[in-house]
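In: Please work out how this folds:
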Amino acid sequence: MNALLPRPSILTIEPYVGGESKLPGVNRIIKLSSNEGAFGPPPSAQEAIIAAAREAHRYPDGGATRLREAIGTRFGLDPARIVCGNGSDELIAYLILAYGGEGTELVMPAHGFVMYDLTGRYAGCRVIKVPERNLMADVDAMLAAVGPRTKLVCLVNPNNPTGALLPRSEVQRLRAGLRDDILLILDAAYAEYVTDPDYDPGNALVDASGNTVMTRTFSKIYGLGGLRLGWAYMPPQVADVLARIRGPFNVNSAAMAAGIAAVSEPGWIERSVAHNEEWRAKLSEGLRALGIKVWPSACNFILADFGDAERAKAADASLRARGIIVRAVGGYALPTCLRITIGTAEECTLVQEGLAAFVQNGG
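Out: Prediction:
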């Protein structure tokens, strides 16, 4: 018998499974399973990565000073209140470990980003998943789920994997209904894709309170998922906590150089958003014309609902036979759905053609 055992909550965690990228026997693969940017990294970021290779023997700047300044300039934020990490997942984990732990509770929407659940259990929190209303976070239900042991509330807005965008007034109402000793984490990984003029990714709430953090990523619109780069904007006292616990060199030099270049690439956001708006609408309309339900999305993906788990599985298999990989989201308790990233114009067209053939063949 093995006497060496971890904390019991660790053994309840299922290892995270990312979007697949390979199919046996398929030459050309179209990967639309991880919501990666349609155009890859900006050209200036690619050049910065190559240049950084020449200095790879040097340790990186442990404070990510130039990167924080570049982010602050791009988004109009105080660099002193920005912390950078090895992807926003790392920063989320630091926050949950620092403010959660055994005997505490973490509240999140039922279909929220899975890493909150996994990291919450890793920290020893009791994770409470609150039922949603039409795949939208229900603020009243979330507030009702808050108890005396609640220390963290996590909200992705717009949400992954549903694409739902919670109105600004509802996010504000959520924060106003929470105690001052509860940390609200607003995950705005898809903020750049949102075109609603009333949307606030979290800047205003962070500035207005001492208990809200906004997390962001370079993995989506900036196409730097492979370098693992994220950042968070937070109150000074929370930044001080993260400075005490993060690794001294948690962001590598190539990632920092690429991030600095990416936020300065002229027209990159505008081009990416215009493409996303056009092809998200075209693909959504095309699938609806086939009788496939598509949930509203503010992100660079759509959630296609086939109404039946077996039909969704068959549609997934049909696309795979054509070399197209999308994301089954049964792990998010959405077994009737497939999440489909908005890729290039050609890739979106091939998805629509593939699902049209699936429907025409009786699927």
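
In: ranges for the strands of the stretch 51-200 of the chain?
Out: 82-85, 105-109, 126-130, 150-156, 183-187 (DSSP state E, counting those that start in this stretch).

In: Can you spell out which helices and strands pack onto the following helix or strand past the last one?
Out: This points to strand 183-187. The helix or strand immediately downstream of strand 183-187 is helix 203-208, counting by DSSP states H and E. Applying 3 or more Cβ pairs under 8 Å, 6 or more residues apart in numbering; DSSP states H and E, we find helix 203-208 packed against helix 168-176, strand 183-187, strand 212-217. Yep, even glycine has a C-beta here, placed from its N, CA and C like the rest.

In: Tell me which of the ones you listed lies nearest to Ala357.
Out: strand 212-217 (34.5 Å; Cβ to Cβ).

In: residues in contact with that closest one?
Out: Strand 212-217 is contacted from outside by 87-88, 91-92, 95, 175, 183-189, 191, 201-203, 205-206, 229-235, 238, using Cβ atoms under 8 Å, 6 or more residues apart in numbering.

In: domains for this protein, by residue range?
Out: As assigned by the TED database, the chain contains the domains 21-40+268-361, 43-264.

In: Just the pLDDT for Leu23.
Out: Leu23 is assigned a pLDDT of 70 by the prediction.

In: In terms of helix, strand or coil, where does it fall?
Out: Following DSSP: H, G, I helix; E, B strand; the rest coil, the label given to Leu23 is coil.

In: That one contacts Arg320, correct?
Out: Yes: when contacts are counted by Cβ atoms under 8 Å, Leu23 is listed as touching Arg320 (5.9 Å).

In: Touching both of those two, which residues are there?
Out: Counting by Cβ under 8 Å, 6+ apart, nothing touches both Leu23 and Arg320.

In: sorry, back to before: relative to Asn159, which of the helices and strands packed on helix 203-208 is closest?
Out: strand 183-187 (8.7 Å).

In: Remind me what that closest one packs against, helices and strands.
Out: If you count contacts as 3+ Cβ pairs under 8 Å, 6+ apart, strand 183-187 packs onto helix 88-99, strand 150-156, helix 168-176, helix 203-208, strand 212-217.

In: In a markdown table: these, plus mean pLDDT, distance to Tyr122 and mean neighbour count.
Out: Below are the helices and strands packed on strand 183-187 laid out as a markdown table (pLDDT from 0 to 100; distance: least, Cβ to Cβ, whole Å; neighbours: other Cβ atoms under 10 Å):
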| stretch | mean pLDDT | distance to Tyr122 | mean neighbour count |
| --- | --- | --- | --- |
| helix 88-99 | 96 | 8 | 22 |
| strand 150-156 | 98 | 13 | 25 |
| helix 168-176 | 97 | 24 | 17 |
| helix 203-208 | 96 | 25 | 17 |
| strand 212-217 | 98 | 17 | 26 |
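
In: Please name whichever of those is nearest to Leu32.
Out: Minimum separation from Leu32 across these (Cβ to Cβ) falls at strand 212-217, 18.2 Å.

In: Can you tell me how far Cys125 is from Gly147?
Out: As defined by Cβ to Cβ, to the nearest Å, Cys125 lies at a distance of 12 Å from Gly147.

In: any shared contact partners between the two?
Out: Common contacts of Cys125 and Gly147 (Cβ under 8 Å, 6+ apart): Glu105.

In: Which one of the two is surrounded by more residues?
Out: Cys125 (27 against 10; other Cβ atoms under 10 Å).

In: Might you report the residue contacts of that one?
Out: Cys125 makes contacts with Ile96, Gly100, Gly101, Glu102, Thr104, Glu105, Leu106, Lys151, Leu152, as judged by Cβ under 8 Å, 6+ apart.
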